[in-house]
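**Q** Okay, here's the prediction I keep looking at, along with the sequence it came from:
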Amino acid sequence: MLRRLCLLSFIFSFLLPAVAFAVVSFDKTAFEKAVAAGGPVIVHFHADWCPTCKAQDPIVAQIMAEPKFKDVRLFVADFDTEKGLKKALRVNVQSTFVVFKGGKEAARSTGQTAREAIEATFAKAL
């Protein structure tokens with residue numbers, strides 16, 4: 001997880017310096033507040049060992065850099081350690097995105113590596 005956060009930090013700090021968006025490691029309290037507030041929220045169930053997750057990382061960074069996603073909160077949940085969250089959201093596979101809008105689940109996708117498919121899923125948060 002630390003390696004993934006370092007990679008995302010590098011991407012966001014050096015490759016996308018003019019863009020501000022919220023990508024945070026999963027924090028239960030922050031997640032629950034964000035969903036309860038009804039804003040656009042996405043949870044990415046990620047595993048460092050997952051090649052699909054690694055393929056998704058630069059695509060997610062590009063999508064989140066778009067102005068239309070500036071208000072979206074993206075939480076990165078470690079697939080191996082966030083067992084309670086996986087159970088609560090009924091997630092069985094890493095590389096899963098769960099999208100919330102208006103305090104309710106609006107979409108989900110698993111294993112997508114095509115930019116268009118990921119962006120379409122993310123757009124359901126707007």
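**A** Nice, I can see it.

**Q** for the most centrally placed residue in the chain, what are its contacts?
**A** Nearest residue to the geometric centre of the chain (C-alpha atoms, centre = their mean): His44, 3.6 Å. His44 is in contact with Cys53, Gln56, Val60, Leu74, Phe75, Val76, Ala77, Thr96, Phe97, counting by C-beta atoms under 8 Å, 6 or more residues apart in numbering. Where C-beta positions appear, they are placed from N, C-alpha and C, glycine not excepted.

**Q** three-state assignment of the last one?
**A** For Phe97, the reduced secondary structure class is strand; criterion used: DSSP: H, G, I helix; E, B strand; the rest coil.

**Q** and stretch 52-70, which residues are buried?
**A** Neighbour-count burial for stretch 52-70 flags 52-54, 56-57, 59-65, 69 (criterion: 16 or more other C-beta atoms under 10 Å).

**Q** Leu85: which of those is nearest?
**A** Cys53 (15.9 Å; C-beta to C-beta).

**Q** so where does the closest one fall, helix or strand?
**A** Element membership for Cys53, per DSSP states H and E: helix 51-64.

**Q** Please work out the average pLDDT along that helix.
**A** Helix 51-64 shows a mean pLDDT of 95 in the predicted model.
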